[in-house]
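J.: This is a predicted model, with the sequence first.
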Amino acid sequence: MTELVLTALTFVGSHFVLANAPVRDAIASRFGEGLFLVAYSIIAAATFAWMVVAYGAAPYVEVWAAPAWARLLPFVVMPFAFILVVAAYTTANLTAVMQDKVAARADPAPGIMRITRHPMMWGVALWAASHAPANGDAATLILLGAIAVLALGGMVMIDIKKRRRLGADWARFAATTSIVPFGAILAKRTTFDGAGIGWWRVGLGLAAYGFFMAIHVWLIGVPAVQ
């Protein structure tokens with residue numbers, strides 16, 4: 001369990017340290033943006049793999065017994081999480097890596113970006129948050145907690161980085177989007193763009209959800225439906 005806590009702190013901490021503006025700028029200016037991104041990706045993959053291995057070796061320590069409603073929560077939340085992730089990868093996404101050019105478009109926030117400017121991060125956060133109540137053991141809570149903290153904190157870090165880099169273009173983009181889902185729409189700073197989301201993205205997200213439900217037992221080690 002001690003190793004798992006250490007790996008979780010390393011996984012989250014390395015992301016936040018490397019994403020910090022002074023650290024990132026110093027490394028990127030010395031070695032180049034491309035090499036920085038390669039190193040960042042390697043460190044992220046290595047620390048995540050270490051955390052997963054430590055999780056597999058951690059003892060089972062029950063914190064709470066999951067109630068019946070908690071086991072149903074992932075079935076309600078995960079379809080939306082998959083739709084968000086699919087839409088994030090198939091929509092012009094200014095908050096994604098190496099997508100600064102989207103800022104120059106006439107509509108820099110189409111489709112899902114009007115609901116939230118961090119659809120990928122929210123998809124990951126919803127995955128972690130929806131599975132935590134159904135898994136009341138300490139090791140799983142540490143793993144999911146680390147992922148949720150990284151996803152939620154990552155949204156803020158990305159905003160800070162993009163604001164510094166894009167200036168007025170970021171302000172134009174941010175004026176029609178929000179971190180909190182539907183925030184900009186409820187504030188009447190933008191309108192819902194159903195056509196930009198497209199039914200095919202919803203369908204693809206649901207299909208991905210069905211596929212992962214089918215391979216859940218092979219991928220995670222336990223069936224999705226118990």
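T.: Great, that's in hand. Numbers count the residues shown, from 1 in each chain.

J.: check contacts around the closest residue to Thr91 other than its chain neighbours.
T.: Distance criterion Cβ to Cβ, 6 or more residues apart in numbering; nearest residue to Thr91, sequence neighbours excluded, is Gly111 at 4.8 Å. For glycine as for every other residue, the C-beta is placed from the backbone atoms N, C-alpha and C. When contacts are counted by Cβ atoms under 8 Å, 6 or more residues apart in numbering, Gly111 touches 87, 91, 193, 196-198, 201.

J.: again with Leu18
T.: Going by Cβ under 8 Å, 6+ apart, Leu18 touches 24, 27, 40, 43.

J.: And Phe192, by the same measure?
T.: Contacts of Phe192 (Cβ under 8 Å, 6+ apart): 114-115, 185.

J.: For stretch 49-57, give the mean pLDDT please.
T.: Stretch 49-57 carries an average pLDDT of 94.

J.: Could you pull out the buried residues of that stretch?
T.: Neighbour-count burial for stretch 49-57, counted by 16 or more other Cβ atoms under 10 Å, picks out 50-51, 54-55.

J.: ok so, going back, can you tell me which of the contacts of Gly111 is closest to Asp100?
T.: The closest of these to Asp100 turns out to be Thr91 (Cβ to Cβ; 15.5 Å).

J.: about what we covered before: could I have the PyMOL command that selects the buried members from the contacts of Leu18?
T.: Selection of buried members from the contacts of Leu18 for PyMOL, criterion 16+ other Cβ under 10 Å:
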select buried, resi 24+27+40+43
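
J.: gap between the longest helix belonging to the chain and the chain center?
T.: In the chain, taking DSSP state H as the definition, the longest helix is helix 138-166. Centroid displacement of helix 138-166 relative to its chain, using Cα atoms, centre = their mean, to the nearest Å, is 7 Å.

J.: In this structure Gly154 contacts His15, no?
T.: Yes: using Cβ atoms under 8 Å, Gly154 makes contact with His15 at a distance of 7.0 Å.

J.: How many neighbouring residues does Val202 have?
T.: When neighbours are defined as other Cβ atoms under 10 Å, Val202 has 17 of them.

J.: tell me the contacts of Met113?
T.: Per Cβ under 8 Å, 6+ apart, neighbours of Met113: 91-94, 119, 177.

J.: run the last query once more with 6 Å
T.: Contact analysis of Met113 by Cβ atoms under 6 Å, 6 or more residues apart in numbering lists Thr177.

J.: quick one: it from Arg164, how far?
T.: From Met113 across to Arg164, the span is 20 Å (Cβ to Cβ, to the nearest Å).

J.: That concludes my questions; thank you for your assistance.
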